[in-house]
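**Q** sequence and predicted model, in that order:
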Amino acid sequence: MASDVQEASELALEAVQLLTRVSAYDYALAGTLTGARTHIVSPDRYASVVRDSAVNIQRFTGKALEATLDTAGPIHERLVTLADALVEVSRAADQYADGGDPAIFAEVVDGVARGWDDVLALARLIRPEDPELLATIARGSSFAVQAKAAPAYGLTVGPFASSAEAQAAADRIGTVERVSSEAPFVVRVGTYADRAAGEAAVTALSVKGFSGLLAEEQRFTFSRSGPAPDDELWSEPESVFDTWGSARRVAVAPDAKWVVTGSDDGTIAVFTGDGVLRSLPRFHAGVAHLTFSDDGAWVMGGGITLVNFILPEGVGIGVPVRLPSPATQILYVPAANYFAAVAAADGEVVIAGRAPDGVPLGGPFPIRKPGNGGALAANGAGEMYFAWSESGATEIDVLNMAGDRQVQGVMRLPGTVSRLVVSRDGAHGAVMTDQGVYRFGPHAPDPSSTLKRIGDPVREIAIDAEGTLYLLTQTKITAFSGSGETLWSSQLVDGRRLVIAARPVVLDGAERLLTFSPSGDVEDLGTRGTVQDIAASPDGKRIAVLAEGRRAQIFKLP
């Protein structure tokens, strides 16, 4: 029999990773249960995460049992104790995911705390001089959740023959906590801190013809302490709050200092990053676009009429832009420090420009071109590229308002334009027409000589700061290097939107939001509800998601 476990060091590290993930999500769920707005997770999302963690824990315990077979000694004993503790965490996590019982969540919390004690004891045996491991344990165990139990009295009515009968009873009763969707079909009327209050509720029910059952039970409350697990919870919203009215558009400033939503009734709502409403300016028509300046101090919004707003006052300032038709795109041009908008109507493409404070820019604005379509893109040096189409061909021009303020021709290509993108450094560009997707070098001596068709038209194209080009179809996202090589691709169910932030973000279907690492590894963001809009902050560090027309969810990307 071996004197002790050879694989203990690797198993200890794996246990730390497992416990850190569960601890972070326990911290987030405790925030949700206490009504916090930041570092929270929905119960459904928590259930999904802990189910995955339970599977990984079972895999870990299998390896631990195999490693401890035919061994003996203090490390053996500690590892077996740790594995047993994690089995209990796995069991409780699965049970909570199935029913959402607060008492079971309290068991998860207690089991995780014991697991940290056990893994720390193991680490001190096998790697007592490893400050990095001990610091990792200290960080993970600092995401602390406290569970407190107190007596309470639950009042139920039923059981009923069917869910429909239970729901009908709930409608007659009025306000209830929940109605069972599975047998036994009962109505949970309420929870009361003392028996007297519960008995009073039973009496009130009898007046409506119901016999209530009052039962004593344990009522759990939760609190949390320690640092927020920002790194571990990056795929969950750092803040969630209800917006104003029926919102349809969202924008987020750098560092999520401000979040702005726009509604069909013309209302623009200005919030702080944690959801405090600061102002409610209003248009006479619906808000189709919202865009921040890079410093987050200004926002342009609107549709056929565009207005610049100073934040946080939300006061319209300067001269509004009035276009011949609703804007198809607005953007902020860094370095040159202005907003631009494009619209097309009656055989003419119009591009308007405004300084952040709404002052008209003067020549060459407004830019007018014969034709249709119209697409804008900007690099970080103040160059705005614009494309329009006429007679089956697309022209691309460039304007540098931070330089000579002259419109210069770039190139001509076949088809009617729908998208134009340029990298932040200006070295890489792409354009999509009805004839295909093309790459080109905007700063080449002859950009037209660099034009290369790389595929058929797709749903979306986008380019990141490093020049990686992304093509989105219904069933796939593909990444291409600056030299045109395929870096990776990932299958989708229904790719609908593509937004570039610190990572590319894809709306796959109505509710699922995915992010991709530089190597193509996919991570599911913890969104809730049907997504109406997605926006990236100018610095790319935040993603704002508008769901159900009323809920803003802010994510901080790694």
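**A** Alright, I've got the coordinates.

**Q** C-alpha only now, for contacts and for neighbours.
**A** Will do.

**Q** can you give the strand pairings for the longest strand that the chain contains, parallel or anti for each?
**A** In the chain, with assignment by DSSP state E, the single longest strand is strand 144-160. According to DSSP bridges, strand 144-160 forms sheet pairs with strand 185-192 (antiparallel), strand 212-225 (antiparallel).

**Q** pick the most deeply packed of these.
**A** Mean neighbour count (mean count of other CA atoms under 10 Å) peaks for strand 185-192 among the strands paired with strand 144-160, with a mean of 21.

**Q** poorly predicted segments of this structure, please.
**A** By pLDDT under 70, the weakly predicted segments of the chain are 1-6.

**Q** all helices for the stretch 51-200 of the chain, in order.
**A** Taking DSSP state H, counting those that start in this stretch as the test, the helices found in the stretch 51-200 of the chain are 74-99, 102-126, 131-141, 163-173, 195-207.

**Q** output those as JSON lines; include the columns distance to residue 398 and mean neighbour count.
**A** Shown next, in JSON lines, are the helices of the stretch 51-200 of the chain (distance: least, CA to CA, whole Å; neighbours: other CA atoms under 10 Å):
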{"stretch": "helix 74-99", "distance to residue 398": "55", "mean neighbour count": "20"}
{"stretch": "helix 102-126", "distance to residue 398": "59", "mean neighbour count": "20"}
{"stretch": "helix 131-141", "distance to residue 398": "51", "mean neighbour count": "16"}
{"stretch": "helix 163-173", "distance to residue 398": "63", "mean neighbour count": "16"}
{"stretch": "helix 195-207", "distance to residue 398": "73", "mean neighbour count": "15"}
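
**Q** can you tell which of these is closest to residue 21?
**A** Of all the helices of the stretch 51-200 of the chain, it is helix 131-141 that lies closest to residue 21, at 8.2 Å by CA to CA.

**Q** which elements pack onto the closest one?
**A** If you count contacts as 3 or more CA pairs under 8 Å, 6 or more residues apart in numbering; DSSP states H and E, helix 131-141 packs onto helix 8-33, helix 102-126.

**Q** what helices and strands are in contact with the last one?
**A** Read it as helix 102-126. Checking 3+ CA pairs under 8 Å, 6+ apart, helix 102-126 ends up next to helix 8-33, helix 74-99, helix 131-141, strand 144-160, strand 212-225.

**Q** what's that helix in contact with?
**A** With contacts defined as CA atoms under 8 Å, 6 or more residues apart in numbering, helix 102-126 is touched by 8-9, 12, 15-16, 19, 22-23, 26, 75, 78-79, 81-82, 85-86, 88-89, 92-93, 95-96, 133-134, 137, 141, 145-147, 218-220.

**Q** from the middle of its chain, how far away would that helix be?
**A** On the basis of CA atoms, centre = their mean, to the nearest Å, helix 102-126 is displaced by 30 Å from the centre of the chain it belongs to.

**Q** next, the angle from that helix to helix 74-99.
**A** Counting by axes from the mean of the first three to the mean of the last three CA atoms, to 10 degrees, helix 102-126 lies at 160 degrees to helix 74-99.

**Q** report the central residue of the chain.
**A** The C-alpha lying nearest the average C-alpha coordinate of the chain belongs to residue 555 (CA atoms, centre = their mean; 4.4 Å).

**Q** could you confirm it falls within a strand?
**A** Yes. Assigned with DSSP: H, G, I helix; E, B strand; the rest coil, residue 555 falls within a strand.

**Q** count of neighbours near the spatially closest residue to residue 492 that is not a sequence neighbour?
**A** Sequence neighbours aside, residue 475 is the residue nearest to residue 492 in space, at 4.5 Å (criterion: CA to CA, 6 or more residues apart in numbering). Around residue 475 there are 13 other residues, counting by other CA atoms under 10 Å.

**Q** so what's residue 475 up against?
**A** So residue 475 contacts 491, 492, 493, 494, 495 (CA under 8 Å, 6+ apart).

**Q** doesn't residue 509 make contact with the third one?
**A** Right, the one you point to is residue 493. Yes. In this structure, residue 493 is within contact of residue 509 by CA atoms under 8 Å, at 6.7 Å.

**Q** if we can go back for a sec, thought the residue nearest to the centre of the chain was touching residue 231?
**A** No. In this structure, residue 555 is not within contact of residue 231 by CA under 8 Å, at 11.6 Å.

**Q** could you report the separation of residue 295 from residue 257?
**A** Here residue 295 is placed at a distance of 10 Å from residue 257 (CA to CA, to the nearest Å).

**Q** next one: residue 26
**A** For residue 26, the distance to residue 257 - CA to CA - is 27 Å.

**Q** same question for residue 79.
**A** From residue 79 to residue 257 the distance is 46 Å (CA to CA).
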